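my questions are about this predicted structure, shown below with the sequence.
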Amino acid sequence: MANNKDERKLESGAPASKSDGIHPAFYIALWIALSSSVILFNKWVLHTAKFNFPLFLTTWHMAFATAMTQILARCTNILDSRHKVPMNPATYTRAIVPIGIMFSLSLICGNLAYLYLSVSFIQMLKATNAVVTLFATWAFGIAPANFKTLGNVGIIVVGVVIASFGEIQFDMLGFIIQVGGIIFEALRLVMVQRLLSSAEFKMDPLVSLYYYAPACAVTNGVITLFTDVPRMTMNDIYGLGIMTLIANALVAFLLNASVVLLIGKTSAVVLTMAGILKDILLVCASMLIFRDPVTPQQFFGYSIALGGLVYYKLGAEKINALTTDVRLQVGEYRRANPAKAKGIVAGAALTVILLVLYTGAPSAGQVTN
């Protein structure tokens, strides 16, 4: 839901709005922190805390989002723009429910994958989101097939394939589940694009959440009744902690809210690069927190995939302009703050060295064996 406006903003290259006094870097950092926190928090709940009920967790997130958006709609003016959307039961059933079902399936697959795959490998596989979405737009006739574009996204596929062959903890079932989630997410984005291509349907991410969350909660809830609920007990919930569940759902909801702020405060280029930076940080964080092993072959493959993703999203002209701008900004900062610049370089080098040493060290289990 939150991503639909992101994608449209990125593709249109719309300029950012003026800041209201807070530096745009704050909104970027907030979005990266919340987005990363949701993924790491879910991984911890499902894998480390042994709360083996991914469908229930997804249903809980959507039920919480439904309740929060209903409260905001009735107690604030944040969602007043929903009145401009021509929504009725027939339109909701035809347009919103299918999108909600696709979103539910993508969330379910996404959470299930955490039981089988590492966070770092899941992030590498997610680099193919752009590729699958592109194919979906061609299949639905939204955009004409373009072999030049196909060549660009082919680089992403090659990189992910190399990274996949280098994965130590590869699990075929988890891989299939994650691929299914990527496909469902691509279908959702295409359906959203078709819906929003009409002038009367203009929704910001929170308004989208207001409409999609109930459909997702019901869809997930029905599936959960036949999967997770029969094997759940209240002891499972008490064992994890009710406050932990609330905090987990709150972080997920705040992520959707942060996108509303991010869209209006950054440019398309910055938003794209922030997404790439977030993925890289997540891979590093999973290595540190969960000790997920990442091989040199995976680093090589993932670097190729990220390079292809940046080129596909930005194009040669924007990359050259961004490179020039960064070079000028860095040069100006080094002239103005030579000592700080040297400290940042030394700190970054030390961080990389420590990360390599930490992830390369044997775990406690390996030492024992």
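Received the coordinates, thanks.

switch to C-alpha atoms for all contacts and neighbour counts from now on
OK.

and the helix or strand containing L314, average pLDDT?
Following DSSP states H and E, one finds L314 within helix 296-336. Regarding helix 296-336, the rounded mean pLDDT is 78.

equivalent analysis for stretch 203-218, please.
The predicted model assigns stretch 203-218 a mean pLDDT of 84.

again, but for stretch 275-290
Confidence for stretch 275-290, expressed as mean pLDDT, is 74.

what does it rub up against?
Stretch 275-290 is contacted from outside by 32, 35-36, 40, 118-121, 123, 292-294, 306, 310, 355, 358-359, using Cα atoms under 8 Å, 6 or more residues apart in numbering.

and the buried ones among these, selectable in ChimeraX?
Only the buried entries of the contacts of stretch 275-290 go into this ChimeraX selection, using 16 or more other Cα atoms under 10 Å:
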select :32,35,36,40,118,119,120,121,123,292,293,294,306,310,355,359
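
which neighbouring elements make contact with the helix holding L314?
For helix 296-336, the packing partners by 3 or more Cα pairs under 8 Å, 6 or more residues apart in numbering; DSSP states H and E come out as helix 147-165, helix 268-289, helix 338-360.

among the ones you listed, which is nearest Y27?
helix 268-289 (10.3 Å; Cα to Cα).

show me how far the closest one is from its chain's centre.
Its chain's average C-alpha position is 10 Å from that of helix 268-289, according to Cα atoms, centre = their mean, to the nearest Å.

ok, now stretch 208-224?
Counting by Cα atoms, centre = their mean, stretch 208-224 comes out at 19 Å from the chain centroid.

tell me the secondary structure at N52.
Recorded secondary structure, N52: coil (DSSP: H, G, I helix; E, B strand; the rest coil).

dump the residue contacts of it.
Here N52 is in contact with 46, 115 (criterion: Cα under 8 Å, 6+ apart).

how about it, phi and psi?
phi -80, psi 50 (degrees, to the nearest 10).

how close does it sit to L115?
8 Å (Cα to Cα, to the nearest Å).

give me the common contacts of these two.
With Cα under 8 Å, 6+ apart, N52 and L115 have common neighbours L46.

what's the pLDDT at V132?
87.

residues near it, how many?
Using other Cα atoms under 10 Å, V132 has 19 other residues around it.

same question for L55.
25.

quick check: next helix or strand after the one helix or strand it maps to?
L55 is part of helix 54-75, with elements assigned from DSSP H and E. Tracing the chain past helix 54-75, the next element assigned as helix or strand by DSSP H and E is helix 89-91.

so how far is that following helix from its chain's centroid?
The mean C-alpha position of helix 89-91 is separated from the chain mean by 30 Å, Cα atoms, centre = their mean.

centre of the chain to the helix or strand just after that helix, how far?
In the C-terminal direction, the helix or strand that comes right after helix 89-91 (DSSP H and E) is helix 97-113. What separates the centre of helix 97-113 from the centre of its chain is 13 Å, taken as Cα atoms, centre = their mean.

now the angle from helix 97-113 to helix 54-75?
Orientation check (axes from the mean of the first three to the mean of the last three Cα atoms, to 10 degrees): helix 97-113 against helix 54-75 gives 130 degrees.

how about residues contacting helix 97-113?
Counting by Cα under 8 Å, 6+ apart, 1, 42-43, 46, 54-55, 58, 122, 174-175, 177-178, 180-185, 187-188, 191-192, 212-213, 215-217, 219-220 sit against helix 97-113.

mind checking what helix or strand follows it in sequence?
Once helix 97-113 ends, the next helix or strand along the chain (criterion: DSSP H and E) is helix 119-125.

restricted to helices, list the contacts of helix 97-113.
Mapping the contacts of helix 97-113 onto helices (DSSP state H) picks out 42-43, 54-55, 58, 122, 174-175, 177-178, 180-185, 187-188, 191-192, 212-213, 215-217, 219-220.

wait, A305 touches V160, no?
Yes: counting by Cα atoms under 8 Å, V160 is a contact partner of A305 at 5.9 Å.

what touches both of the two?
Common neighbours of A305 and V160, using Cα under 8 Å, 6+ apart, are A127.

one step back: let's have the helices and strands packed on helix 296-336 in JSON lines, adding distance to S104.
Below are those laid out as JSON lines (distance: least, Cα to Cα, whole Å):
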{"stretch": "helix 147-165", "distance to S104": "25"}
{"stretch": "helix 268-289", "distance to S104": "22"}
{"stretch": "helix 338-360", "distance to S104": "34"}
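
tell me which of those sits nearest to P230.
Set against P230 and scored by Cα to Cα, those come closest in helix 268-289, at 31.7 Å.

tilt between the closest one and helix 296-336?
Here helix 268-289 points in a direction 120 degrees away from that of helix 296-336 (the same axes, to 10 degrees).
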